[in-house]
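A.B. asks: My questions concern the predicted model and sequence given below.
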Amino acid sequence: MKAGVRIGIYGGAFDPPHNAHLGLARAAVEQLELDILYVIPTGQPWMKQRRLTAAEHRLAMARLAFESVPEVRVDDCEVQREGTTYTIDTLHELQQRHAVQGDTEITWYLVMGQDLLHSLPQWQRAEELLRSVTVAVLQRPDAEQTAVEQELAQVRAQLPELRTVQLHLPASDASSTRIRAGMQQRMSDNSANRLAWLQSLVPPSVAQYIERHQLYGTSTPDGH
């Protein structure tokens, strides 16, 4: 029997959100027994050099992509924030929001893919962040457990505060990079063929949104 409230934070560009994102959200909710999972499209993240698709599109697609998971709340706090986006600021904003609501005994989880683990020591105020959250790491399906433990040990050597749990879900070939590149390659295809390809990688409502707004068809990332 779990005690208190469990809240997850799952940030990303979601440019676009795809089936692997949805799978990770479901895995986090189920395996961590989350009451709420905040899905937070990034503003201007410090780690990304690529200009992102307009926030209005990424928010709209995220709301469509995760609508089948009742525990998910797509939140626009980072896209509303001016300047560079840091996870520690997002955590503080959410903590304050729940404090005002009178929520107590909250356990916070930061949900991420294994590929982000190595960058944690470079995150803004990482020590402060990790004192407040447990990092829920999606283990790559092809990763050996010993390799994962070695990577965790390397990060803990720099960040002793790191607490982790591992999430598991089946492998997926969906990636935002693949989708953006594939859309550019398929602009000469007819709409039905392009939509069918998209629907193999993203939820159908997201595929229809991308097609309707003609996103990712050119090198212009805002879709206009």
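C.D. replies: Received the coordinates, thanks. Numbering: from 1, shown residues only.

A.B. asks: what comes up buried for stretch 201-211?
C.D. replies: 201-203, 205-207, 209-211 (16 or more other C-beta atoms under 10 Å). Any C-beta I mention is one placed from the backbone N, CA and C, and that applies to glycine too.

A.B. asks: Please flag which of those sit within helices.
C.D. replies: If you go by DSSP state H, the buried residues of stretch 201-211 have 205-207, 209-211 in helices.

A.B. asks: Return the member of those residues nearest to Glu82.
C.D. replies: Tyr209 (26.6 Å; C-beta to C-beta).

A.B. asks: lowest-confidence helix or strand of this structure?
C.D. replies: Least confident helix or strand, the chain: strand 44-45 with a mean of 68, by mean pLDDT, DSSP states H and E.

A.B. asks: quick one: Ala174 is in a helix?
C.D. replies: No - looking at Ala174 with DSSP: H, G, I helix; E, B strand; the rest coil, it is coil, so not inside a helix.

A.B. asks: Just give me the neighbour total for it.
C.D. replies: 17 (other C-beta atoms under 10 Å).

A.B. asks: Renumber starting at 4 from here on
C.D. replies: Will do, 4 is the new start, and the previous item becomes Ala177.

A.B. asks: Quick check: the farthest pair among the ones in helices among the buried residues of stretch 204-214?
C.D. replies: Ser208 and Glu214 (10.9 Å).

A.B. asks: So what's the gap between stretch 112-122 and the chain middle?
C.D. replies: 10 Å (C-alpha atoms, centre = their mean, to the nearest Å).

A.B. asks: CA atoms only: put that stretch into CSV for me.
C.D. replies: This file holds the C-alpha atoms of stretch 112-122, laid out as CSV (Å, rounded to 0.1, in the frame of the first residue of the first chain):
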residue,chain,number,x,y,z
TYR,A,112,10.1,11.3,-9.6
LEU,A,113,12.1,12.6,-12.6
VAL,A,114,11.4,10.4,-15.6
MET,A,115,14.1,10.1,-18.3
GLY,A,116,15.7,7.9,-20.8
GLN,A,117,19.0,6.2,-20.1
ASP,A,118,20.7,8.3,-22.7
LEU,A,119,20.3,11.4,-20.5
LEU,A,120,22.0,9.8,-17.4
HIS,A,121,25.5,10.8,-18.3
SER,A,122,24.6,14.5,-18.7
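
A.B. asks: Report the buried residues of that stretch.
C.D. replies: Quick answer for stretch 112-122 (16+ other C-beta under 10 Å): 112-115, 117, 119-120.

A.B. asks: helices or strands up against the helix or strand hosting Arg29?
C.D. replies: If you go by DSSP states H and E, Arg29 is part of helix 22-35. When contacts are defined as 3 or more C-beta pairs under 8 Å, 6 or more residues apart in numbering; DSSP states H and E, helix 22-35 sits against strand 8-15, strand 39-44, strand 109-116, strand 136-141, strand 167-170.

A.B. asks: so of these, which one's packed in deepest?
C.D. replies: For these, the largest average neighbour count (mean count of other C-beta atoms under 10 Å) is found in strand 39-44, namely a mean of 24.
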